[in-house]
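Asker: build me a structure from this.
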Amino acid sequence: MKRAVWFFALLISTGARAASEKPCSSPMWTEDLSAKYQFRLFDLAKHPRNQPPSPWKESQEVAFTSPAVLAIYQVQETEENPSLQQRDASGGGGKYLLKIVFLDTATGKEQHTLQLTTTGLNVSGIYPTHDGRFVVVTGQLLRLYSPTFEEVRSRPFPLSPYGKPESWRISVIPGGKSIYISAAEHYLLDSDTLQIIWNPRPSDFAYSAKGRDFFRNVAGPTGGVFNSEGQWMPIDLNSNYQNRVLWTFLDVPYKDSGGWAPKELRVFSTSGQLTWSLSTHDKFSSFSSNGALLAAAVYKDGANPFDLDLAPKPVRIEIYNLHEKLEKCTIRITRPAYYDLSPKRDLAVVQGNILSLYHLEPD
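Answerer: As a prediction, this is how the structure comes out:
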């Protein structure tokens, strides 16, 4: 009886949610990435049970390098024999290539394509910094590119204290002027030179959680960040559901994902005041914010306990106006979505082999 009541309540809440949704306008343009650019499907990597997927299979995403340029990337396995090629500075020998296609956001037309040798043992990707510049990571190598897709400089990751290559984690600090990298050790790099900043200041980590790693003696005992003046600013991240809380700031572009089934997403002012708290009965898988608008992917746990596919199911992308504190519109999704939100209110979404570019008009 209790199970029947629970199921009936679930149907009611699901129906009420669907009835209240406002669909986003149709995309400005769409593209078949498999037919046009020979990308494989953008789906979760398949892997044996109880084993993580190969890092190269997870190296795929979309990212705006500027308001006018959208990058789509994916690591692809080639049929060439790597034993016949000398390994380059990235650590790759030709078996894996990082393919990046750059598109004009207004028309969807191709502007440029890069294909770079990489390794299958590490995650590869592209990291926009500022003013159209971006950094590409392939294996053990960082490359800096200009807005016109010219390689400006490159450098290997710092030498490991253990004398062997490591899997580095990379984050661009809000504002795009510096890049945080971490493995056995952590460093802050200048995004315009790729040189290590040996004596960073707390303000160099403004509105990033990474500042605590460098300044534990200055940071407070609870959650928080440094502001642009270098002052520690505590923020309340205690969960009402005992799950991870996702968070972002007004007027600060930011992306985040992961954690223990986040059901809350909190928005703070740049002075640390809570301005809005979003919650869901499902879970926020990830979000992308341009500081004024926020797009969040919502996934639902399977309702059937006998379904062997226990992974949460993608349901929708919710778009919010952070200043007006209202839900703007919703995009229904039926498979894992890769997406990014640009400063000029464009939202790029990839499902499977289809890329769609939406323009989110002002309210």
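
Asker: where does the residue nearest to residue 171 when sequence neighbours are not counted land in three-state SS?
Answerer: Closest residue to residue 171 apart from its sequence neighbours, by CB to CB, 6 or more residues apart in numbering: residue 180 at 4.5 Å. The way it works is simple: take the backbone N, C-alpha and C, and place the C-beta from them, glycine included. Of the three states, residue 180 takes strand under DSSP: H, G, I helix; E, B strand; the rest coil.

Asker: now swap in residue 203 and tell me
Answerer: Under three-state DSSP, residue 203 comes out as helix.

Asker: what of the one 10 residues further on?
Answerer: Following three-state DSSP, the label given to residue 213 is helix.

Asker: all helices for the stretch 1-150 of the chain, in order.
Answerer: 2-20, 33-37 (DSSP state H, counting those that start in this stretch).

Asker: low-confidence ranges in this structure?
Answerer: 1-19, 45-53, 80-87, 241, 259-260, 302-310 (pLDDT under 70).

Asker: the same query, at a cut-off of 80, please.
Answerer: The chain contains residues with pLDDT under 80 at 1-20, 44-54, 79-93, 160-165, 220-222, 239-243, 258-261, 301-311, 363.

Asker: domain parsing for it?
Answerer: For the chain, automatic domain parsing gives the domain ranges 22-32+235-363, 54-198.

Asker: these: which one's closest to residue 39?
Answerer: domain 54-198 (5.2 Å; CB to CB).

Asker: pull the distance from stretch 122-130 to the chain's centre.
Answerer: 10 Å (CA atoms, centre = their mean, to the nearest Å).

Asker: near residue 258, how many other residues are there?
Answerer: Taking other CB atoms under 10 Å as the neighbour definition, residue 258 ends up with a count of 9.

Asker: now it. Nearest residue, chain neighbours left out?
Answerer: Closest to residue 258 by CB to CB, 6+ apart is residue 286, at 7.4 Å.

Asker: quick check: bridge partners of that neighbour?
Answerer: According to DSSP bridges, the partner residues bridging residue 286 are residue 257, residue 297.

Asker: if I look at it, how far off is residue 248?
Answerer: 12 Å (CB to CB, to the nearest Å).

Asker: intersection of neighbour lists for the two?
Answerer: Each of residue 256 lies in contact with both residue 286 and residue 248 under the rule CB atoms under 8 Å, 6 or more residues apart in numbering.

Asker: looking at those two, which is more packed in?
Answerer: Set residue 286 next to residue 248 and count neighbours by other CB under 10 Å: residue 248 wins out with 23 against 20.

Asker: so the nearest residue to residue 61 once chain neighbours are set aside: helix, strand or coil?
Answerer: Excluding its sequence neighbours, the residue lying closest to residue 61 (CB to CB, 6+ apart) is residue 338, at 5.4 Å. For residue 338, the secondary-structure state derived from three-state DSSP is strand.

Asker: residues contacting residue 338?
Answerer: 42, 60-62, 349-350.

Asker: kindly reformat these as TSV containing distance to residue 244 and neighbour count.
Answerer: Below are these laid out as TSV (distance: CB to CB, whole Å; neighbours: other CB atoms under 10 Å):
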residue	distance to residue 244	neighbour count
42	25	22
60	24	23
61	21	17
62	24	24
349	24	23
350	25	24
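
Asker: for residue 314, grab the count of nearby residues.
Answerer: 19.

Asker: please name the bridge partners of it.
Answerer: residue 299.

Asker: what's the separation between it and residue 191?
Answerer: In terms of CB to CB, residue 314 sits 32 Å off from residue 191.

Asker: what do you get for residue 253?
Answerer: For residue 253 relative to residue 191 (CB to CB), the value is 14 Å.

Asker: then residue 258?
Answerer: When residue 258 is compared with residue 191 (using CB to CB), they lie 23 Å apart.

Asker: now do residue 73
Answerer: With CB to CB as the criterion, residue 73 and residue 191 are 18 Å apart.

Asker: with residue 327 instead?
Answerer: Distance from residue 327 to residue 191, by CB to CB: 34 Å.

Asker: same question, residue 329
Answerer: Applying CB to CB to residue 329 and residue 191 gives a distance of 33 Å.

Asker: quick check: residue 97 touching residue 74?
Answerer: No - counting by CB atoms under 8 Å, residue 97 sits too far from residue 74 to count as a contact (9.4 Å).

Asker: pick out whichever of those two has more residues nearby.
Answerer: Higher neighbour count among residue 97 and residue 74: residue 74, with 26 against 20, using other CB under 10 Å.
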